[in-house]
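A.B. asks: quick one, fold the following:
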Amino acid sequence: MKGSIICPVCGYEMEVDDSIEDGEVVACPKCGAELKLTFSDGVIHVDVV
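C.D. replies: Predicted coordinates:
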């Protein structure tokens, strides 16, 4: 799912492209926080892990 997310730790906005899978964990490029991305009804949900 393509879109943008905001890191809940530092507020950095980052782009998410179509290669991201549901449940994938990514690192914020600014603060390094590990973020789990889940998709539901066209919405990207972000949880700190």
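A.B. asks: now stretch 35-49: mean pLDDT?
C.D. replies: Across stretch 35-49, pLDDT averages out at 94.
A.B. asks: endpoints of that stretch, how far apart?
C.D. replies: Its first and final residues considered, stretch 35-49 spans 6 Å by C-alpha to C-alpha, to the nearest Å.
A.B. asks: do I have it right that C7 meets G32?
C.D. replies: No. If you go by C-beta atoms under 8 Å, C7 and G32 don't touch, sitting 9.7 Å apart. For every residue, glycine as well, the C-beta is placed using N, CA and C.
A.B. asks: looking at these two, which is more packed in?
C.D. replies: Neighbours were counted for C7 and for G32 using other C-beta atoms under 10 Å; C7 has more, 20 against 10.
A.B. asks: apart from its neighbours in sequence, what residue is nearest the more buried one?
C.D. replies: Excluding the flanking residues, the one nearest C7 by C-beta to C-beta, 6 or more residues apart in numbering is C28, at 4.3 Å.
A.B. asks: ok, how many other residues are close to the one you found?
C.D. replies: 20.
A.B. asks: angles on the backbone of it, please.
C.D. replies: When read as degrees, to the nearest 10, the backbone of C28 gives phi -70, psi 130.
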